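In: A predicted structure for the sequence below; I have some questions about it.
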Amino acid sequence: MEEVLIITGGSKGIGEGIVKAYVAKGVKVFSVARTSNALLTLKGVSQIAFDLAKTYEIETMFAHIFNLLKATNISKITLINNAGTLGKIGPLQKLDVATIESTIKLNTVVPFICSAAFIKLTDGWTAKKTIINISSGAALKPYFGWSMYCSSKAAVNMLTQTLATEQAHFANGVKVLAIAPGVVDTDMQTQIRSSNKVDFKDIERFISLKNDGDLFDAAYVGEQICKMDYDYSIESGSVLRVESD
């Protein structure tokens, strides 16, 4: 029997850390991203080049993946909605319409569509089924200049809870979790530290986190998220956070 992971944005950053953790467990991984990662290909990861901004093609892309799978051979299947963007930092009135639309689309609309496709395509499966939405502490705390990011991640948390409520009414429904990875040493943090203090009032805190060595490593975060996926004592609908050892 196979275990399968489908992840968006798995070619770099937190996504790459997650993929490596699942590969180490022997899980068959499908990574959906615009860019590929040669190292992951060598590890046997199936990388699907796809621009998630093409929302009307997402269901077709998922159908392609599921055509490669045989339900009766799978004991566990997980979708991780990881792809996301900080967007442009600054007060809302300074942001252009295209930036607002593209940020909310990737962070919120895409996880909705991916989750819907996953639930439809696994309907009737006997395998353990899980959706993990990558959230953020910013979903619970407002930051000056992060209106798009905070709001879109808050929506992901509520998506998690409402889906869990819905799926509880179905036999072998999908388990749904939201996990905030903490502050991770990725390109997003580089973007945050290079922003203008006029547009982001909390910049000094994030510079200090880097200077003090308090950022999580993507590999560590990936391992912790994988552990949570395999912790069957965690209830569906839970909003979790990666913690330090």
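Out: Yes, it's here. Numbering: from 1, shown residues only.
In: Lys28 and Trp146, how far apart?
Out: Lys28 sits 36 Å away from Trp146, going by CB to CB, to the nearest Å. C-beta here means a position set from N, CA and C on the backbone, and glycine is covered the same way.
In: I figured Ile6 hits Asn81, correct?
Out: No. Using CB atoms under 8 Å as the test, Ile6 is too far from Asn81 to be in contact (9.6 Å).
In: lowest average confidence, helix or strand, in this structure?
Out: Sorting the helices and strands of the chain by mean pLDDT, DSSP states H and E puts helix 203-211 at the bottom, at a mean of 65.
In: for the next helix-or-strand element following that one, enumerate the helices and strands it packs against.
Out: Under the assignment DSSP states H and E, the closest C-terminal helix or strand after helix 203-211 is helix 218-229. Packed against helix 218-229 by the contact rule (3 or more CB pairs under 8 Å, 6 or more residues apart in numbering; DSSP states H and E) you find helix 13-24, strand 128-134, strand 175-180.
In: need those in CSV (columns: distance to Ala155, mean pLDDT and mean neighbour count).
Out: Output for the helices and strands packed on helix 218-229, formatted as CSV (distance: least, CB to CB, whole Å; pLDDT from 0 to 100; neighbours: other CB atoms under 10 Å):
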stretch, distance to Ala155, mean pLDDT, mean neighbour count
helix 13-24, 19, 96, 24
strand 128-134, 10, 98, 23
strand 175-180, 11, 98, 24
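In: show me which of Lys28 and Trp146 is the more surrounded one.
Out: A direct count of neighbours by other CB atoms under 10 Å for Lys28 and Trp146 places Trp146 higher, at 24 against 18.
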